Each structure stands twice: as structure tokens, then as C-alpha cells.
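Asks: build me a structure from this.
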Amino acid sequence: MRTTPRPNFLFFIADQLRADHLGCYGNRVVQTPNIDALAKSGWVSDRFFVSSAICMPNRATLMTGRMPSLHGVRHNGIPLSLRATNFVEQLRQNGYRTALVGKSHLQNMTGRAPVWPPEGAERLGVEAVEGGGRYDQEWQPNWQDRPDHDLDLPYYGFDTVHLTVGHGDDLYGHYRRWLMAREPSAGQLIGRRNAAPTPDVTLAQIGQAWRTRMPPELHPTGYCARMSEAVLAEAAATSQPFFLMCSFADPHHPFTPPGRYWDMYRPEEMILPRSFEAAANPPPHVAHLRTARDAGRAAKRSPAVFACDAREAREALALNYGLISFIDDAVGQVVARLEALGLADNTIIVFTTDHGDFMGDHQLLLKGAIHYRGLIQAPFIWRDPGGNRGRSTALSGTIDIAPTILARAGVAQFNGMQGYDLGPLMEGRHTVLRDAIVIEEESQRPMAGLPGRVRMRSLITARHRLSLYDGVDWGELYDLDDDPDELVNRWDDPACAGLRAALVLQLSRNLIALSETSPYPTALA
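Replies: This next block holds a predicted model:
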């Protein structure tokens, strides 16, 4: 790799976009030519896993290079401490211009208090945070009701922020102010209340989709592309290296692809996952969701996982593909601007996502504490003008992003980081970095018949997935080589008793290795 001059970084991140919903990861339906071009000219991880399949914990891991149990963002609603060291702040302190366009989700944004415990709970994400500081900065009601509300900059290391808050087409933050200044009548275009009629769309009837009247150029994804171009233009006028995070709030439910992206893909032409019909003996929590569906009790209007029927799965796939193609066009637009400004020769481009979505896997939609591969495996593409092309099957993950960027920028890692620099993999000096990846998941809420709120851990090795849940005497064990669709749970298979014991021991050792080693809780040594 080149070491001078210091490289720029253009970092794309999308939300619920699973790896196999990109052409470069084998999908033959969705059209993603711009992202595929980055993969073709860059380095791709084929086994890249999140640290948590929930937005806020995984975003905090991205920023800190630390597991959720250490940085404290164990589930949505808990903000990342403003005292926590993160790689963007390290870049800023070492001479980088830093900017965020789009979704942040490092603080609570919903305006809703947690529901667990059900009584006497403090409002996590606002008051009860170590070290003081403002933890209402992404709080949607503030952006909605207070015209003077804004961020304190730098915000988690970002000198410049053009913020979006929310999902669908009805977002707040800086985006909403930009939108209303540009189109004063936009209030008549956005939201389910103003959507075009779609009586034949099942997901629209349950509030999980609507046909927005918002044109693509005014949609939050279009805003992210436009403002990213503006940040690049500002950066081109200086000799200072930059780090720009272009963060799309899509693809995500409710599904609201604008314009031609709404019907770019037809539900009737969508191919259901192989596991949709094949999973005859699901584990207890999946069986619980299917039983609720079959009895007409499925909570299909909530943001949590539910068991779906074939029509719902096909509609979700078609609309989600439309959102992904829209993002791909936005990526292409921003990259073209980067090239036109003469910045491409010294800019590393990264593409990844928060996590995946079931999208019909095992008859499930959305996301929840069931670690099928479609949910926990994210894409990771690194295009470096200094070289390094190819693909790797070595286990890597979100926890490795911060140390990799710092190493490539020539900036020292900070105390307490737990990830690895992926540079040796990219350069072919190593073929393996670790024996396993650990995924943590906790929730404010009980779900899928599990007792109490969800607390679970998964171990992913080169061949197996082991998942343990708090409060139950069963678990999950899959052979990913022989059973890539995770159809046969081997947890109670007598022939796998030795393997199960060995994986439980391996998980225990990995959890010890991932426990805190820093003498300073916020790594301020």
C-alpha cells in the first residue's frame, strides 16, 4: 500500500442491506452496477460479520473498534458516551477534515422511552449517561418541534454534519430543513398519509410500505448524494485529507422507494429464499413466530421480526431491491463527482452496511434476535488506489473497520481497541486473522416467546454457527458447509455432542479475550 500522501476516505454505509443482495455477492436480480464496479476494482470480504445485528450497537462498534458489552451501547436506545474515544475523532485530531452526511444513530432518535423494565424505567438515551453532555441531539421530537435545535460540533469527531433522522420518506434532522427550504409544499408529498394508492400491495395495508409522492431528487437518499457531493467540493478546495461518511437510512422498513424505483422490480418475479419452504423443523423462537402468524396474531405492524407469507416476502424483496438500486445510483453519482474533482487517485472508497434483513429467510421479515446468515453477514468492499484487489474468506467484521482505517491513514490505534487491521489480508501477507467472530445481541424487549428481554451470543467459525440464549435450555448449532441455509439445528444431535461442547468452550474463550483490557473505561490514556 502507498503511505504518502495521506489518503482520503469516502465511506459509504447503508442500513439493512444484507451481503447477498448485491450483484458482487452473487445476486442475479438486483441491479447494483456501481457498487459492483467498486468490488471489481477493490478488495472484498466474503465473510464479514456485524458485532451486533442492531443499528446502534453495531454503529458504536464501527466508531470505537470495541464490542457492545464494552462501549456500553448494548441495544437501541442507549447512546454512545460522548467521552468514548472513536476513530473519527482520532483522524480529526491528526489533521483530517471529517464529515457525516445522513444517518448517525449514535444517540436515540425515536422519541420513545424503552419498555423494559415496564415500570420505573429511566429514559435511556437522554439522562442516564456517564459523563454528562447532550444526549438529545438526534432526538426526533426536538428536530420536529424546535427550529433552533442543532448538534454540538464536533459531533463524535465529525466537524461537519448533514443529519437525517428516521426512516421511510418522513425524516427529520438537517434534511427536513433543507427539504422545506427547497420545496415548501413538501409536507403534501411525504408520509403514509400522502402516499399514492396501492390497494394491491399487502405490505401497504399493514403500514410496512407506501408509494411515496416524493421525487428521487428530494428523497433522503438523493439528499445524501447531493450533500456528499457538496462536501467533496469543499474538500477539493484544500490540501487537507478528508474522511467523509455517506450514510444512507435505507434500505429499511417502511419501504418507500420513490419514482421509478417503486416498480423497478415485480413481486411476481421475485425468487423466494430456499429456506422459505425447506425449513420444516424450526427452532422454538421461529416456531413461535410462525404459530402466531398462522393463528392471525402476528405483530406485522411493528418494527420487529414477524413470520410472513409468500406474498409479503415477495413484495418486501421487490421494494427492497428498488431501494438498493436507488442507493447504487446515489453511490455512482458521488463517485463520479469524486472523479470529476480529481480526488479519486488518492481516495479510498469503502462500502458496508449496518446489518442485513431476513427478507423471507425461514419465512421471516425484518430483523430480530435470530442469527441467520442473511441478518448477520454484511458486505465489505475496500477500493484502494494503492492497489490490493481480490476476495478473502477470512473471518472479519465491523469491529475491524476502525483499526483498518487508522492504520491506512498512518494514525495510531487507541487503547482498548479489539478489532484487527485488515491490511495484511488485503496485501496477501495473512490468510487468517482469527478463529471465530462473536456477535452480541440484547434487546429492550422480550420477543418470539423468549423469557424476558433478549440476551444472546453467537459464535461464527469458518464452518459453524453456535447461538446461546439467556433463560432457555436450548440453543442453535449449524454446519454452514453442509447446511448453508441453516435448516437443520444440530444442538440436540447426539452425534454433535462433542462438537457442541468444543464450540461452547471456544465461545467462552473468545468472550474472555473480548473482555475489557483497558485500565481506562473510555480509553483516554
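Asks: pull the CA atoms of stretch 317-330 into PDB?
Replies: What follows is stretch 317-330 as a C-alpha-only set of coordinates in PDB (Å, rounded to 0.1, in the frame of the first residue of the first chain):
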ATOM      1  CA  LEU A 317     -37.900  -8.300  -1.800                       C
ATOM      2  CA  ALA A 318     -39.100  -6.200  -4.800                       C
ATOM      3  CA  LEU A 319     -39.400  -3.000  -2.800                       C
ATOM      4  CA  ASN A 320     -36.100  -3.500  -1.000                       C
ATOM      5  CA  TYR A 321     -34.400  -4.100  -4.300                       C
ATOM      6  CA  GLY A 322     -35.800  -0.800  -5.500                       C
ATOM      7  CA  LEU A 323     -34.300   0.900  -2.500                       C
ATOM      8  CA  ILE A 324     -30.900  -0.800  -3.100                       C
ATOM      9  CA  SER A 325     -30.800   0.200  -6.800                       C
ATOM     10  CA  PHE A 326     -31.600   3.800  -5.700                       C
ATOM     11  CA  ILE A 327     -28.700   3.700  -3.300                       C
ATOM     12  CA  ASP A 328     -26.500   2.200  -6.000                       C
ATOM     13  CA  ASP A 329     -27.300   5.100  -8.300                       C
ATOM     14  CA  ALA A 330     -26.500   7.600  -5.500                       C
END
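Asks: quick one: average pLDDT of it?
Replies: Across stretch 317-330, pLDDT averages out at 98.
Asks: can you list contacts of that stretch?
Replies: Applying Cβ atoms under 8 Å, 6 or more residues apart in numbering, the set of residues contacting stretch 317-330 from outside is 14, 17, 21-22, 29-35, 203, 209, 216, 219, 221-222, 224-225, 248, 250-252, 255-258, 261-267, 269-270, 272, 357, 359-360. C-beta coordinates here come from the backbone N, C-alpha and C atoms, glycine included.
Asks: the stretch 51-200 of the chain: strands as residue ranges?
Replies: Assigned by DSSP state E, counting those that start in this stretch, the stretch 51-200 of the chain shows strands spanning 97-103, 160-164.
Asks: try the stretch 251-400 of the chain
Replies: Going by DSSP E, counting those that start in this stretch, the stretch 251-400 of the chain shows strands at 306-307, 347-355, 364-365, 380-383, 390-392, 396-397.
Asks: how about CSV for those strands, with mean pLDDT and distance to P241 added?
Replies: Shown next, in CSV, are those (pLDDT from 0 to 100; distance: least, Cβ to Cβ, whole Å):
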stretch, mean pLDDT, distance to P241
strand 306-307, 96, 45
strand 347-355, 98, 9
strand 364-365, 97, 42
strand 380-383, 98, 17
strand 390-392, 96, 26
strand 396-397, 98, 25
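Asks: which one of those lies nearest to D136?
Replies: strand 347-355 (22.3 Å; Cβ to Cβ).
Asks: now do that closest one against strand 97-103, angle only.
Replies: 30 degrees (axes from the mean of the first three to the mean of the last three Cα atoms, to 10 degrees).
Asks: show me what strand 347-355 packs onto, helices and strands only.
Replies: If contacts are counted by 3 or more Cβ pairs under 8 Å, 6 or more residues apart in numbering; DSSP states H and E, strand 347-355 sits against strand 8-16, helix 33-40, helix 55-64, helix 310-340, strand 380-383, helix 401-409.
Asks: partner strands of that strand, with direction?
Replies: With DSSP bridges as the test, strand 347-355 is paired with strand 8-16 (parallel), strand 380-383 (antiparallel).
Asks: ok, R66 to S45 distance?
Replies: From R66 across to S45, the span is 20 Å (Cβ to Cβ, to the nearest Å).
Asks: can you check T85 too?
Replies: The spacing between T85 and S45, counted by Cβ to Cβ, is 25 Å.
Asks: next: R28.
Replies: From R28 to S45 the distance is 21 Å (Cβ to Cβ).
Asks: of these two, who's got more company?
Replies: More crowded of R28 and S45, by other Cβ atoms under 10 Å: S45, with 25 against 6.
Asks: leaving out sequence neighbours, find the closest residue to that one.
Replies: Closest residue to S45 apart from its sequence neighbours, by Cβ to Cβ, 6 or more residues apart in numbering: F380 at 4.3 Å.
Asks: ok, now H285?
Replies: In space, H285 is closest to A448, 3.8 Å off (Cβ to Cβ, 6+ apart).
Asks: the one you found contacts L289, correct?
Replies: Yes - using Cβ atoms under 8 Å, A448 makes contact with L289 at a distance of 5.4 Å.
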